[in-house]
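Asks: Turn this into a model:
(one chain, ligands or ions: 1)
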Amino acid sequence: MADEYLIPSDEQMFDAYEAGHLVALVLDSDRANPLFRAPIGDNPRHILDLGTGKGTWAIDVADMFPQATVRGVDLFPPPVSFTAPNCVFEVDNSLEEWTWHEQFDLVHMRILIGSFDPKEWDHIYKQIYDNLQPGGWIEQLEASPYIECDDGSVPEDSVLKTWGPNMITYTIRKAGFVEMHQKTYKWPIGAWARERRYREAGTVNLQHWLDGMEGWCMWLLTKFGSPKPWTREEVIFYVAKMRAELKNPRYHIYQRARRVWARKPFYYEVLKTPDSMPDTDRTPEVQSPEEGN
Ligand SMILES: C[S@@+](CC[C@H](N)C(=O)[O-])C[C@H]1O[C@@H](n2cnc3c(N)ncnc32)[C@H](O)[C@@H]1O
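Replies: Below you'll find the predicted structure:
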């Protein structure tokens, strides 16, 4: 799939990634560390951001932990000319064999929905598991492509209801991780929410969609559009209709997002079970759900 990665890497997409980064930060702005939740302590040595995009998360985390090396890896180089010496960007396909020698304290992924098919996800999670140190953490934040609305303000025939399927299936547990946590969010789209933090997040998220939509759907629809592949012009027309409706201030719309973090077991935990495999079935799926709003 990587050969034909569906999202172009151009300035508008980098703007979209930056907006997505800001939405995530705004919605966790009440936390001392809004960048991730995995409890990796104050002295991590090696951190990896897989599919780093514009690289802003990696740069921010490198600032936060000057003693750590933060690697951002992507199929495309991020548009940065200067970074802190402890932030390293590498152009690579994460589906290929990983050649880093260090064991990571944290591997982070964000908005990689659509980047890998289910088998590739299994492979990615296994690679992460194998390259984390025992007790190291994985964390992933994904936003659903479904546009939702709780108060009926979007009419049934709105084009917004057609955007969508393809929710990511989480297979983190299958790879052997334990102590799984999650936090769910609602990411408003547009400045309709009453509370200031959500209004701000919604304003930036609207921009995220306006910048990102064409890139997100052009490849998919011109290749797999229904009932037959769409033409480029049809996609552009569709995106224009989506844009107009997204901007309708009467629509109280949002998308759901989910952050999941989990730990690689220590050796003694792996050895505990009779067949030398972590008994992930005994780990409750969600230890501390908190419903955002
Ligand atoms: C939607 S962007 C998200 C970027 C960033 N994580 C963020 O949250 O802003 C997905 C990124 O994954 C990268 N990507 C997709 N497949 C990849 C692969 N096989 N190896 C490395 N990076 C990949 C893309 O190039 C793109 O930059």
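Asks: The residue lying closest to residue 92 once chain neighbours are set aside: what secondary structure?
Replies: Closest residue in space to residue 92, ignoring its immediate chain neighbours: residue 73 at 5.2 Å, by CB to CB, 6 or more residues apart in numbering. In this view, the C-beta of every residue, glycine as well, is placed from N, C-alpha and C. State at residue 73, reduced to three classes by DSSP: H, G, I helix; E, B strand; the rest coil: strand.
Asks: Show me what residue 73 is bridged to.
Replies: Here residue 73 sits in beta bridges with residue 50, residue 90, going by DSSP bridges.
Asks: Tell me the spacing between it and residue 118.
Replies: 21 Å (CB to CB, to the nearest Å).
Asks: more crowded one of those two?
Replies: residue 73 (20 against 10; other CB atoms under 10 Å).
Asks: Verify the stated contact: the more buried one with residue 90.
Replies: Yes - Residue 73 is within contact range of residue 90, at 4.8 Å (criterion: CB atoms under 8 Å).
Asks: what separates stretch 78-95 from the chain centre, distance-wise?
Replies: Relative to its chain's centre, stretch 78-95 lies at 18 Å (CA atoms, centre = their mean, to the nearest Å).
Asks: what about that stretch, how long is it end to end?
Replies: With CA to CA, to the nearest Å as the measure, stretch 78-95 spans 19 Å from end to end.
Asks: give me the number of residues near the residue in the stretch 51-200 of the chain positioned nearest to the ligand?
Replies: Nearest residue of the stretch 51-200 of the chain to the ligand: residue 53, at 2.4 Å (CB to the nearest ligand atom). Applying other CB under 10 Å, we find 25 residues neighbouring residue 53.
Asks: Equivalent analysis for residue 268, please.
Replies: Residue 268, neighbours per other CB under 10 Å, totals 8.
Asks: what's the answer for residue 71, then?
Replies: Neighbours around residue 71, by other CB under 10 Å: 23.
Asks: so who does it touch?
Replies: Going by CB atoms under 8 Å, 6 or more residues apart in numbering, residue 71 touches 46, 47, 48, 49, 58, 88, 89, 90, 100.
Asks: With residue 132 instead?
Replies: Counted by CB under 8 Å, 6+ apart, residue 132 has contacts 103, 104, 105, 107, 138, 264.
Asks: Quickly list what it is bridged to.
Replies: Here residue 132, judged by DSSP bridges, has bridge partners residue 104.
Asks: neighbours around the nearest residue to residue 231 once chain neighbours are set aside, how many?
Replies: Nearest non-adjacent residue to residue 231, counting by CB to CB, 6+ apart: residue 222, 7.2 Å away. Other residues near residue 222 come to 14 when the count uses other CB under 10 Å.
Asks: my guess is residue 222 is in a helix, correct?
Replies: Yes - remark: residue 222 belongs to a helix, assigned using three-state DSSP.
Asks: show me what contacts it?
Replies: Neighbour list for residue 222: 229, 230, 231, 232, 235 [criterion: CB under 8 Å, 6+ apart].
Asks: what number of residues lie near the closest residue to the second one other than its chain neighbours?
Replies: Nearest-residue entry for residue 230: residue 221, 4.4 Å, with adjacent residues in sequence omitted and distances by CB to CB, 6+ apart. Using other CB under 10 Å, the number of residues around residue 221 comes to 18.
Asks: Residue 229 versus residue 221, what's the distance?
Replies: Look at residue 221 and residue 229: by CB to CB, they are 7 Å apart.
Asks: Now do the same contact list for residue 193.
Replies: Here residue 193 is in contact with 199, 201, 202, 252 (CB under 8 Å, 6+ apart).
Asks: pLDDT score for it?
Replies: Listed pLDDT for residue 193 reads 96.
Asks: Helix or strand for it, just tell me which one.
Replies: For residue 193, there is no enclosing helix or strand under DSSP states H and E.
Asks: ok, now residue 31?
Replies: Using DSSP H and E, residue 31 falls outside every helix and strand.
Asks: How about residue 120?
Replies: Using DSSP H and E, residue 120 falls in helix 118-131.
Asks: Show me what the mean pLDDT comes to for that helix.
Replies: Per-residue scores along helix 118-131 average to 93.
Asks: Any buried residues in it, and which?
Replies: Residues of helix 118-131 classed as buried: 121, 124, 125, 127, 128, 129, 131 (neighbour count, 16 or more other CB atoms under 10 Å).
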